[in-house]
Structure formats: structure tokens, C-alpha cells
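Novice: 3D model of this:
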Amino acid sequence: MAEITRRRTGELLRALFKLLTLSPEGLPARLALQQLEQQVVLSEYEQGEYDSGGRRFDKIVRFATVDCVKAGWLVKNKGTWLITEEGKTAYETIKDPEAFSKQAVKLYQQWRATQPDAEPSTPEESDDTSSGKAASITLEEAEEQAWDEISQYLHQMNPYDFQSLVADLLRAMGYHVEWVAPPGKDGGMDILAWPDPLGTKPPRIKVQVKRQVQPVNVDGVRSFLAVLGDDDVGLFVALGGFTKDAVDAARNQERRRLTLIDIRRLYDLWVDHYRNLSDEARRRMPLRPVYFLSPEG
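Specialist: A predicted model of the protein is given here:
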């Protein structure tokens, strides 16, 4: 990519890493690209599009981040980009943009050399000629689109259907759901379950479900903790996730046992136990796996 120098790539990467250091929970890829565009001045070339489709700026940044992922500086999970501790250290210590980019490429090449199908490469290998990186970006964008659709689907689900979805998941995991709250006030508990059919074996499992977009704060967690007895286990399922204070409050409990489940963990559990779901349960959130050839391993 003659129009994009290694220094320019480093400038874009460092600007991206600056944004990510300010977002400890990470940023959705599309939002990260939008914010990055507001922080840098795009050249005419970067503003243009490839003949095959897609804006050059987006592709340039995405290609560069492949190096960062394999370098251990960046994690991509369900469309969210999160800087690692190694990435923070690299950002703080390698100030020169060109050196920053070259180090990411060097670490990528070290990783690539360990792969079974590794081919000889040079430090100045053009990113846009790397079939492995191109396949990685295609897979990445497909995963982002799939996750966006799944997230939107869950957030738009009727609250009581979502509550039933969580109850279905517990059944698929082998728990016995005794009660699911009907519409109306629930007293701080939406689902009650046991490890055995008769409810004779501890612990009793109390579940609260929140479909709200905003993260549950520490007061919300404390309110749920108040309904848990000494022999209870609490599950708090919240699509919007939890604030740091809320997570700390749950983690630091000495007597009450509480597990927090955000949208990503809920999805992973649904996938892990999908084969055990009833046909009716699967219809609440039907999924179909699609397989890609992934040269990046």
C-alpha cells in the first residue's frame, strides 16, 4: 500500500490506542473507527474506497490491528476492541509511530512463523497483499455483524420472553426451574431454581433478570443481595452489564454468593448448551453456526 507509510500506520494505531486506554471496557469496532476518524485528519486516499468496496481508512486500520492482536496488544471479542496490559505498556513506551507499527509487525511475524503453514515474509511486506490478514478481516466483520444482530434481537425482546429465555437456559444446564415470575411486582426475584427436581439439595438459586440498556449500578446489586439467604446462590442477568462498583460489590461478598452475567456471557452459555435446549426454547433465540476458513488460526 504505497500511499500509506509505516509511520502513518503507526500514527493511526497510536491514536486508536489512546482512545482505547480511555475505555477500560473496550469499544465496539465501528464506534472505535468513528471516534478515530474524528481524532485524525484523513488524506484524500484514505477517504476513498477500494474497487472491491469498502472505505480505505477502515480497511487500513483493521489490517493494522491484526498485527496488534497477534502481538498481544489488542483483544477483539464479539465486535469489541479492548487494549491489553501489554498494549498499554507498548503505547506508553514506544512513542515513535513508525517504531510502534514496526514492533507490532515484528511480533505478528514471530507469531506467523510458528504456524504450520508459515511462509517466508519480510519486514516491509505489504499488508494488503496478505491473504491471511484479508481472511481475518472478512471473518472479523462477519462476526461483528452477527453480534450486532444478536445483541439487537435480545435488547428488543419482550421482557417476559427474555425472562423465559433465561429460565430455558437454566433448564438446559441441568437445573430445575420451580418458578418464573408472572407479570407484575416480583419482589426482587424473577426465577427460582434448584439443583434437583424436588428442591431438597442446596443451594437454592435465585435469579434476577434485567433487559435494560444501562449497566446495573452498585445499588441494584445490593438490592438483589438483600433477598439472598445464607444458603442461596444469586444469578444476576443484565443485558446492559454492570458498573465497576457493582462488579466489585459482588466479588467482595464474604457470605452471599452472587454471579453476574452480562450479554456476552449469556450468549456464550446459550451457545454452549444449545444442544440441550428444547425446540420451544431454541425458537426464543434460534442460532445457526456458519464456518469460515481461517488462515490466521
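
Novice: what's the average pLDDT for the particular helix or strand that has W179 in it?
Specialist: According to DSSP states H and E, W179 maps onto strand 176-180. Averaging pLDDT along strand 176-180 yields 96.

Novice: And for that strand, what's in contact with it?
Specialist: Strand 176-180 is contacted from outside by 163-164, 167, 170-171, 190-197, 199, using Cβ atoms under 8 Å, 6 or more residues apart in numbering. All C-beta atoms are positioned from the backbone trio N, CA, C, and that covers glycine.

Novice: Just confirm R6 contacts F100, I think it does.
Specialist: No - counting by Cβ atoms under 8 Å, R6 sits too far from F100 to count as a contact (9.5 Å).

Novice: before we move on, back to that, so which other helices or strands are in contact with the helix or strand just after the strand holding W179?
Specialist: Where DSSP H and E defines the elements, the next helix or strand beyond strand 176-180 is strand 191-194. In terms of contacts (3 or more Cβ pairs under 8 Å, 6 or more residues apart in numbering; DSSP states H and E), strand 191-194 is packed against helix 159-172, strand 176-180, strand 204-210.

Novice: Now distance to N252 too, for those, in a markdown table please.
Specialist: Converted to a markdown table, these look like this (distance: least, Cβ to Cβ, whole Å):
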| stretch | distance to N252 |
| --- | --- |
| helix 159-172 | 25 |
| strand 176-180 | 29 |
| strand 204-210 | 19 |
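
Novice: now, of the ones you listed, which is deepest in the fold?
Specialist: strand 204-210 (a mean of 22; mean count of other Cβ atoms under 10 Å).

Novice: Export only the CA atoms of that strand, formatted as PDB.
Specialist: Provided in PDB are the C-alpha atoms of strand 204-210 (Å, rounded to 0.1, in the frame of the first residue of the first chain):
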ATOM      1  CA  ARG A 204     -31.500 -22.600  46.200                       C
ATOM      2  CA  ILE A 205     -30.900 -20.500  43.100                       C
ATOM      3  CA  LYS A 206     -32.500 -17.000  42.900                       C
ATOM      4  CA  VAL A 207     -32.300 -15.100  39.600                       C
ATOM      5  CA  GLN A 208     -32.900 -11.500  38.800                       C
ATOM      6  CA  VAL A 209     -33.200 -10.500  35.100                       C
ATOM      7  CA  LYS A 210     -32.700  -7.000  33.700                       C
END
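
Novice: just how off-centre is that strand within its chain?
Specialist: 23 Å (Cα atoms, centre = their mean, to the nearest Å).

Novice: start the count at 58, not 1, going forward
Specialist: Noted, 58 is the first residue going forward, which turns the last one into strand 261-267.

Novice: Show me where this structure has its helices.
Specialist: Under the criterion DSSP state H, helices of the chain are mapped to 63-78, 86-96, 101-104, 113-127, 142-150, 154-170, 188-212, 216-229, 275-282, 301-308, 320-329, 336-341.

Novice: okay, these, which one's buried deepest?
Specialist: The most buried stretch of the helices of the chain, if neighbours are counted by mean count of other Cβ under 10 Å, is helix 113-127, with a mean of 22.
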